[in-house]
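Asker: Output the structure for:
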Amino acid sequence: MTRAAKLLSTVGFLLALWSCFSSVPLAAAERINHEGRILGAVPAVTNSLLFNTPQADAVISALQLFPPNNAWNEDISHRPLLSNSAAMMTQVVNDLSTNRRTLRPFQEMNFVIVPNNQPLVPINLYEYPDESDPSPYPIPWNMPVESWPTQTGGQTLYEWQRDVQAWGGDRHSIILQPGTGRLWEMWQAQLLVSGTASNWQAANGALFNITNNALRPAGWTSADAGGLSMFAGLVRYDECERGMVEHAIRLIVARTRRTYIYPATHYASTSTNPNQPAMGQRFRLKSSFVIPDTWTKQEKAVLRALKKYGAIVADNGGFFSISVAPDNRWPANAFNRLSSISLTNFEVISTTGPTEGPRAPGAPTVHAGADETIAPGIAPVQLRGAVLYTNVAPLATRWQLYSGPGTVTFGNANATNTTATFSVPGTYTLMLSASNGVQATVYDAVVLTVQDTIQLSIARNGANLTISWAGGTPPYTLQSSVELPASQWSPVVTTNGTNISISSPVARRFYRLVN
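Answerer: Predicted structure coming up:
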């Protein structure tokens, strides 16, 4: 970054004062996900990383998990209700035992992250081979199986992979390969060991890609009965730590009907009751539900998501339940109070199809302008945003402060071209967003480095020059040159003080102060 500088030309007294500044490219600052969160660089994955580690958190946090317009990432907070929403909720409640008519969080689905060069391993897909993506899969030695480690009674991972205590269960497994975007998901995964030989088997296996919206072939199942990705709807540790689950949540209901709707591809029922939900049906926590401030950050992160992104029906079960990673870092009471929420607080929305809502054509694009360093004393700063939009629907634009050391006052926060005034010097990230209420909100960021003003003065004191200054931050370096423009600046002194006395030069010399 170019540093603030003041120049003075002297023959015993001040002749000139000059400041310089320049733009600074910060390309990595503008990877922004659908929630409006700036993504860092994705760490290199060189080994298999278990889901319950800081290393896995760092990788997952830096990824755009499925495109911004993907159904799992769709903001449904303003979607209209399904015409039979009330009747469907009554049916969902009546299909449950009287002691199960509240929201239940279950710690179940886990995952492992693997590098691009993870060796491929044969896997026997024994029950639905015709609806599975073929073997081999990049299965690492530490691939976790559903419920481990928090729900498996202290068994080691190797013991649980083999199911040595014959606990059974659904035994789902998930493998994510960030470098390729590929995501493998299995049902009934088990490691079979005989003597020195071992091999993996699963009832079926499905391959997804987190970089696109591709679905399973119509009528195909996945590791979930609805043909959906389990990973896409999993409540994870890293996002709860940030305070917001950034996607729809995987939902299990007691009974479904014999159909599926986007984005599901498979049904698992013989019922034709129109008041039983389809696979892919979307539920939403009512906006009238007040999220208590005293609840845990994990509970609040989940409930915010259930209001904004909702929950998608993925399978049949004995509860109205959502899937949480079985992470041993969760506090003991992380989700306890979710089970107090009655199902009367939920409603069913009218969903969008493959070319509707955020996937409809004509989405806006937005550009916040070039990153730059602002010269001292320039306020307010001109912002030069731009939006490309060809649809006729109303478009709302907004500037906001994303990060910085102080406050920012916008001339008009809803105008693309406006001004910004900064309370203190420093580096600020400003975010420009555009939304038409249909497509996914789009974002772009600009990084502005606001420099402090340095005021300089110079005076002759006998055979010396006394140079004094105010502003800026130490350390300060006084430099000199015999010409302007300078081909080279020579250091004179570096100090934390605000004045310096030097011998008066014989010939004309230029000075600048850098901090």
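Asker: Longest helix in the chain, please.
Answerer: helix 297-308 (DSSP state H).
Asker: quick one: that one to chain centroid distance?
Answerer: 15 Å (CA atoms, centre = their mean, to the nearest Å).
Asker: again with stretch 108-119
Answerer: 19 Å.
Asker: how long is that stretch from one end to the other?
Answerer: Taking CA to CA, to the nearest Å, the first and last residues of stretch 108-119 lie 26 Å apart.
Asker: Show me which residues of the longest helix of the chain are buried.
Answerer: The neighbour-count check on helix 297-308 (16 or more other CB atoms under 10 Å) flags Gln298, Glu299, Lys300, Ala301, Val302, Leu303, Arg304, Ala305, Leu306, Lys307, Lys308 as buried. No exception for glycine: its C-beta is placed from N, CA and C like everyone else's.
Asker: Format the residues you listed as TSV; extra columns: pLDDT and distance to Gly227.
Answerer: Shown next, in TSV, are these (pLDDT from 0 to 100; distance: CB to CB, whole Å):
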residue	pLDDT	distance to Gly227
Gln298	98	29
Glu299	98	30
Lys300	98	31
Ala301	98	27
Val302	98	24
Leu303	98	27
Arg304	98	27
Ala305	98	22
Leu306	98	22
Lys307	98	26
Lys308	98	24
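Asker: for those residues, which one is nearest Thr211?
Answerer: Ala305 (21.9 Å; CB to CB).
Asker: Return the distance of the residue lying closest to that closest one once chain neighbours are set aside relative to Leu234.
Answerer: Nearest non-adjacent residue to Ala305, counting by CB to CB, 6 or more residues apart in numbering: Val245, 3.6 Å away. In this view, Val245 and Leu234 are 9 Å apart by CB to CB, to the nearest Å.
Asker: And for Ser323?
Answerer: 5 Å.
Asker: Ok, Asn199 next?
Answerer: For Asn199, the distance to Leu234 - CB to CB - is 27 Å.
Asker: More neighbours: which of the two?
Answerer: Counted by other CB atoms under 10 Å, Asn199 and Leu234 do not tie: Leu234 has more neighbours, with 23 against 13.
Asker: I'd say the more buried one and Leu251 touch.
Answerer: No - in this structure Leu234 lies outside contact range of Leu251 using CB atoms under 8 Å: 11.7 Å.
Asker: who's in contact with Met89?
Answerer: For Met89, the contacting residues are Leu343, Thr344, Phe346, Glu347, Val348, by CB atoms under 8 Å, 6 or more residues apart in numbering.
Asker: Regarding it, what is its secondary structure?
Answerer: Assigned with DSSP: H, G, I helix; E, B strand; the rest coil, Met89 falls in the helix class.
Asker: can you start the count at 407 instead of 1 from here on
Answerer: That works, and once the first residue is 407, the last one we named lands at Met495.
Asker: Return the member of the buried residues of helix 703-714 nearest to Arg485.
Answerer: Of all the buried residues of helix 703-714, Arg485 sits closest to Lys714, with 10.8 Å by CB to CB.
Asker: export the buried residues of helix 703-714 to JSON lines and tack on distance to Val520?
Answerer: Output for those, formatted as JSON lines (distance: CB to CB, whole Å):
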{"residue": "Gln704", "distance to Val520": "27"}
{"residue": "Glu705", "distance to Val520": "31"}
{"residue": "Lys706", "distance to Val520": "32"}
{"residue": "Ala707", "distance to Val520": "27"}
{"residue": "Val708", "distance to Val520": "28"}
{"residue": "Leu709", "distance to Val520": "32"}
{"residue": "Arg710", "distance to Val520": "31"}
{"residue": "Ala711", "distance to Val520": "27"}
{"residue": "Leu712", "distance to Val520": "31"}
{"residue": "Lys713", "distance to Val520": "34"}
{"residue": "Lys714", "distance to Val520": "31"}
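Asker: Going by distance to Trp895, which of the residues you listed wins?
Answerer: Nearest member of the buried residues of helix 703-714 to Trp895, counting by CB to CB, is Ala707, at 51.8 Å.
Asker: give me the number of residues near the residue nearest to Ala711?
Answerer: 26.
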